[in-house]
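>>> with the input below, show me the fold.
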Amino acid sequence: MFSWNKKHVLFLSAIMVLVHILSVPLMAQAAPKSASSNKYFRHIMFRESPYAPYRGIHSISEKASQNNAHYQFSYDENGRISEIRYQMNNQLINGNEVWDSFIWFSPKVAISYHKDKEIHTYYDAQNKQISAHGKVYRAVYALDKKGKRVALSFFDEHAKPVESAWHIHRYEWRHENGKVYEKRFNLNNEQQPLRPEFTFYEVELTYDHDNKLSFVKNLGLAGKPTNNDSGAGIDRIIYDQHGNFTRWQVYDKDGNPVEGNRPMVHMGEHLYDEFGNKVGLRGYDKFGQRKAFSWGAFEHKSTYYPNGNQKSHKIFDENARLSRYLVIEYNQTNSHILWLKSLDEEEQLSPSPMLGGAAALKFDYQADGGAKRTLFNPDLTKYIPKQTESAE
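Take a look at the predicted model:
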């Protein structure tokens, strides 16, 4: 932040006006009303809830997008998002181990608008409509008279109600005092948690002045501030100036710092490179000391190829020892993962529990978009899993 004094106030004001005029926003939600158009982003903003619209961050030019993994946002003549494609060289691609959002389940989503609803459909890398995140073939938002989202329901290809992979069929939202209140239900009309491993039930969602999610408060099943089994009642979300989700902090329902929810830390910290690629993840206890996550990782580190595809992922334990090292190789068009290889400290192929005891996994892609998977030993001979003996 600037430190202003009276001597420099006019000079700084002029500089800020100039910067404002020359700057190009890094985040976008909707284009101005005009003919249909496209915009390009390296990443999309974190969404904890499907209530929030898709937002692109780390804007790039159309020319720069050609050789980089990116999201192409297409807008209709009213400035509304009509389609988002995750692609490279105009070819739809899979996630390629890039972490962007919990609410992104396919290489392409198409959005159509109607009087009182908004419909999302999902497509694979062959541009074929698919069921995503479980059996969700069509996601239908219900809108109120002001166009606000008040509900979301999931349906299969036969228009029958279905549940997502998180056992949710329907979201319901109400708006009070500038906040959004969310409940989720399965097909039996039973309330469901935010995610299976994130046991907040009804939640109060607070969005900041820029419509970024800043607080998630658990109201439990009784509609009042509640701690879950881990002692957590509030999640705070923090972003940097580029829109990257940099930190979360966990508190109990009364605002006291706790180490809870699935990671069992008070604060988690995401680290990014200049292009918005997540290169690190680490946790802290409520006293600010480094702490391992509940799954045993003390630190995650990732590297990326220049085109934005993830190159490697390492996990270190509390003693700074390497506990997992995966290297990712791609096909010639960089559109699909070809190999996952587990390496040791000497960069040699090594068996890994992540690959079921194998050292490498190769993907052979079929015409229909499916892939044949083959496991290999460290010497690249075919890996044959050991047969477990059945109990007599």
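>>> contacts, neighbours, all on C-alpha from now
Noted.
>>> what about residue 74, how many neighbours?
By other Cα atoms under 10 Å, the residues close to residue 74 number 21.
>>> try residue 202
Using other Cα under 10 Å: residue 202 sits among 27 other residues.
>>> when you give positions from now on, start the count at 80
In the new count, where the first residue is 80, that last one comes out as residue 281.
>>> I'd say it and residue 297 touch.
Yes. Under the criterion of Cα atoms under 8 Å, residue 281 makes contact with residue 297 at 6.1 Å.
>>> and for the two, which residues touch both?
The contact sets of residue 281 and residue 297 do not overlap (Cα atoms under 8 Å, 6 or more residues apart in numbering).
>>> any idea how far residue 185 is from residue 257?
Distance of residue 185 to residue 257, given as Cα to Cα, to the nearest Å: 32 Å.
>>> among those two, which residue is more densely surrounded?
residue 185 (22 against 9).
>>> touching, the more buried one and residue 203? I think so.
Yes. If you go by Cα under 8 Å, residue 185 and residue 203 touch, sitting 6.0 Å apart.
>>> overlap in contacts of these two?
residue 173.
>>> confirm residue 142 sits in a helix?
Yes. When DSSP: H, G, I helix; E, B strand; the rest coil is applied, residue 142 is found to be in a helix.
>>> any buried residues in stretch 427-445, and which?
428, 429, 430, 431, 434, 436, 437, 438, 439, 440, 441, 442 (16 or more other Cα atoms under 10 Å).
>>> would you reformat these as JSON lines and include distance to residue 367 and pLDDT?
As requested, the buried residues of stretch 427-445 are arranged in JSON lines below (distance: Cα to Cα, whole Å; pLDDT from 0 to 100):
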{"residue": "428", "distance to residue 367": "37", "pLDDT": "98"}
{"residue": "429", "distance to residue 367": "35", "pLDDT": "97"}
{"residue": "430", "distance to residue 367": "35", "pLDDT": "96"}
{"residue": "431", "distance to residue 367": "32", "pLDDT": "94"}
{"residue": "434", "distance to residue 367": "34", "pLDDT": "94"}
{"residue": "436", "distance to residue 367": "36", "pLDDT": "95"}
{"residue": "437", "distance to residue 367": "38", "pLDDT": "97"}
{"residue": "438", "distance to residue 367": "37", "pLDDT": "98"}
{"residue": "439", "distance to residue 367": "38", "pLDDT": "98"}
{"residue": "440", "distance to residue 367": "39", "pLDDT": "97"}
{"residue": "441", "distance to residue 367": "42", "pLDDT": "97"}
{"residue": "442", "distance to residue 367": "42", "pLDDT": "95"}
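>>> for residue 288, what are phi and psi?
For residue 288, the backbone dihedrals (degrees, to the nearest 10) come out as phi -60, psi -20.
>>> dump the residue contacts of it.
Contacts of residue 288 (Cα under 8 Å, 6+ apart): none.
>>> residues near residue 392, how many?
With other Cα under 10 Å as criterion, residue 392 counts 19.
>>> what residues sit buried inside the one helix or strand it maps to?
Per DSSP states H and E: residue 392 is located in strand 389-395. Within strand 389-395, the residues scored as buried using 16+ other Cα under 10 Å are 389, 390, 391, 392, 393, 394, 395.
>>> quick one: the helices in this structure, in order.
88-101, 141-144 (DSSP state H).
>>> rank those by mean pLDDT and give me the bottom one.
Comparing the helices of the chain by mean pLDDT, the weakest confidence falls on helix 88-101, with a mean of 34.
>>> before we move on, back to that, show me what the strand holding residue 392 is packed up against.
strand 378-383, strand 401-409 (3 or more Cα pairs under 8 Å, 6 or more residues apart in numbering; DSSP states H and E).
>>> quick one: which of those is nearest residue 343?
strand 378-383 (14.0 Å; Cα to Cα).
>>> quick one: strands adjacent to that closest one?
strand 357-363 (antiparallel), strand 389-395 (antiparallel) (DSSP bridges).
>>> tell me the angle the last one makes with strand 401-409.
I take that to be strand 389-395. 170 degrees (axes from the mean of the first three to the mean of the last three Cα atoms, to 10 degrees).
>>> so what touches strand 389-395?
By Cα under 8 Å, 6+ apart, strand 389-395 touches 175-177, 376-384, 401-408.
>>> do that again at 7 Å, thanks
175-177, 376-384, 401-407 (Cα atoms under 7 Å, 6 or more residues apart in numbering).
>>> which of these count as buried?
Among those, those classed as buried by 16+ other Cα under 10 Å are 175, 376-383, 401, 403-407.
>>> quickly name whichever of the residues you listed is closest to residue 252.
residue 175 (32.5 Å).
>>> report the lowest-confidence entry in the buried ones among the contacts of strand 389-395.
Comparing those by pLDDT, residue 175 comes last, at 61.
>>> just the strands in the stretch 180-329 of the chain please.
187-192, 196-202, 208-209, 217-222, 228-234, 249-255, 258-264, 281-286, 292-299, 313-318, 324-330 (DSSP state E, counting those that start in this stretch).
>>> same check on the stretch 330-471 of the chain?
Going by DSSP E, counting those that start in this stretch, the stretch 330-471 of the chain shows strands at 346-351, 357-363, 369-370, 378-383, 389-395, 401-409, 416-421, 439-444, 450-455.
>>> in CSV: the ones you listed, plus distance to residue 326.
Converted to CSV, those look like this (distance: least, Cα to Cα, whole Å):
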stretch, distance to residue 326
strand 346-351, 5
strand 357-363, 9
strand 369-370, 14
strand 378-383, 14
strand 389-395, 19
strand 401-409, 23
strand 416-421, 29
strand 439-444, 33
strand 450-455, 36
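>>> among those, which is nearest residue 307?
strand 346-351 (17.0 Å).
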